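[1] got a sequence here, can you build the structure:
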Amino acid sequence: MPAKVDVNTCTGCTSCVDACPAEAIEIENDKAKIIAADCVDCETCVDECPAGAISME
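    Here you go, the predicted model:
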């Protein structure tokens, strides 16, 4: 299951975008957005998010 972004917590810093090995995250309306079809469930973004806005479901 792909990662999920809490848009209320996300600061749009792009740390997750830079860290994602699958290039499955983009910034939309100043918030991270996971491209579910491309997410490989590696949890790298969860570890890299300084705001703690990303989790695995």
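[2] how about the helices in this structure?
    Listed in chain order, the helices of the chain (DSSP state H) span 15-19, 44-48.
[3] looking at the ones you listed, which is nearest to residue 4?
    Ranking those by their distance to residue 4 (criterion: Cβ to Cβ) puts helix 44-48 first, at 9.7 Å. All C-beta spots, glycine's among them, are computed from the backbone N, C-alpha and C.
[4] that older thread, same list (the helices of the chain) but as JSON lines, adding mean neighbour count, distance to residue 2 and mean pLDDT.
    What follows is those, written out as JSON lines (neighbours: other Cβ atoms under 10 Å; distance: least, Cβ to Cβ, whole Å; pLDDT from 0 to 100):
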{"stretch": "helix 15-19", "mean neighbour count": "17", "distance to residue 2": "12", "mean pLDDT": "98"}
{"stretch": "helix 44-48", "mean neighbour count": "18", "distance to residue 2": "10", "mean pLDDT": "97"}
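[5] can you list the ones you listed in a markdown table and add distance to residue 5?
    As requested, these are exported to a markdown table (distance: least, Cβ to Cβ, whole Å):
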| stretch | distance to residue 5 |
| --- | --- |
| helix 15-19 | 8 |
| helix 44-48 | 9 |
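[6] ok, which of those comes nearest residue 34?
    When those are ranked by distance to residue 34, counting by Cβ to Cβ, first place goes to helix 44-48 at 7.8 Å.
[7] can you pull the contacts of residue 49?
    With contact set as Cβ atoms under 8 Å, 6 or more residues apart in numbering, residue 49 has these partners: 10, 15-16, 32.
[8] adding distance to residue 45, write those out as TSV.
    Listed next are the contacts of residue 49 as TSV, based on distance: Cβ to Cβ, whole Å:
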residue	distance to residue 45
10	11
15	8
16	4
32	8
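[9] pick out the most distant pair among those residues.
    Going by Cβ to Cβ, the pair spanning the contacts of residue 49 furthest: 10 and 15, at 10.3 Å.
[10] any idea which residue of this protein is furthest from its center?
    Here the chain reaches farthest from its C-alpha mean at residue 29, the gap being 13.9 Å by Cα atoms, centre = their mean.
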